[in-house]
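1. Sequence plus the predicted model coming up.
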2 protein chains.
Amino acid sequence: MNDIKQLLRSNALRPTKQRIVIASYLFDGNDKHVTAESLSTELAKRKHLISLATIYNTLHDFYENGLLKKLTLSADRVYFDTNTDDHHHFYSEKDQFLIDINKNIKVNGLPKTPKNKKINKIEVIVHLDK
Amino acid sequence: MNDIKQLLRSNALRPTKQRIVIASYLFDGNDKHVTAESLSTELAKRKHLISLATIYNTLHDFYENGLLKKLTLSADRVYFDTNTDDHHHFYSEKDQFLIDINKNIKVNGLPKTPKNKKINKIEVIVHLDK
DNA sequence: ATATCAGTTTAGAATGATTCTAAAGTGTTG
DNA sequence: CAACACTTTAGAATCATTCTAAACTGATAT
């Protein structure tokens, strides 16, 4: 709880009731993949009714501060991943699940980066099914 | 023109005026990345006014038949790629561009595939900037 | 403590890509 | 060329996400 407040403070985010609830859920030690919708549902189950706008705001605040990874896998829902380490994913569009691949994946054979550009990150998505 | 009709017929797609126009543009030999919007704009420049609904329908028909690859990179626009070979991409969200990586990229170190699942495709996206 | 104010939350409206509807149009086949 | 299944289309509908502007609250100075 105090560590959650610390976490927020150290990212220049006021530890408001809503942020504390959301951060406590997200950063409980178990890696999670959430969408705004799924997070809202999950918190509602726990009797924490936080407006969707705030959930969106908060997910983005956390993302902007590197507390979450953002994954755009299907056009109609954005996933946020509490595991911010360098890692990749198995993704099943059919079953709507995401599994972290924490193993050391190596991508070999990349051509040179386009002029005046820098690589921000390399994302490997292993699509299942279809 | 007749090859375009053949292409459509061989995919059980009636060679309608609209599909011929769209296919002629997309499959002119130069690999392209389009969104429904960009395609509509591009065709409009050429005086081909095709309804957006048809453009969406057609892109999906082509995609369903493997004539296009689909790329969901940002949540608010889906890209279609006329290069259907196995390949990967450089992507700049900032500048909204996509460059094919046709070189042979190898992904090493994948863990085993989740039970009862099969790998459909592996997608490597090299995000630039940010 | 308390006033003050910038930072937050929120309901509800707005946005915008995409999909749906159902009516009119058009290839195809016999 | 008749007949029908497949297509196209305008416009409405959908739905995740963002915006707005008003009410609220954590932090800071007094």
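-> All right, it came through fine.
2. what about the residue lying closest to residue A:54 once chain neighbours are set aside, which helix or strand?
-> Leaving aside its chain neighbours, residue A:54 sits nearest to residue A:18 (5.2 Å; criterion: C-beta to C-beta, 6 or more residues apart in numbering or on different chains). C-beta here means a position set from N, CA and C on the backbone, and glycine is covered the same way. Using DSSP states H and E, residue A:18 sits within helix A:17-26.
3. what about the strands in chain A?
-> All strands of chain A, identified by DSSP state E, fall at A:33-34, A:69-74, A:77-81, A:88-92, A:97-101, A:106-108, A:119-128.
4. So which elements touch the shortest one?
-> Contact partners of strand A:33-34 among helices and strands, from 3 or more C-beta pairs under 8 Å, 6 or more residues apart in numbering or on different chains; DSSP states H and E: strand A:77-81.
5. pLDDT on the helix holding residue A:18, on average?
-> For helix A:17-26, mean pLDDT rounds to 98.
6. on that earlier part again, could you provide the strands of chain A in TSV, with additional columns for mean pLDDT, distance to residue B:44 and mean neighbour count?
-> Output for the strands of chain A, formatted as TSV (pLDDT from 0 to 100; distance: least, C-beta to C-beta, whole Å; neighbours: other C-beta atoms under 10 Å in any protein chain shown):
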stretch	mean pLDDT	distance to residue B:44	mean neighbour count
strand A:33-34	98	40	22
strand A:69-74	94	28	17
strand A:77-81	96	30	19
strand A:88-92	95	35	21
strand A:97-101	94	38	16
strand A:106-108	92	39	13
strand A:119-128	94	33	18
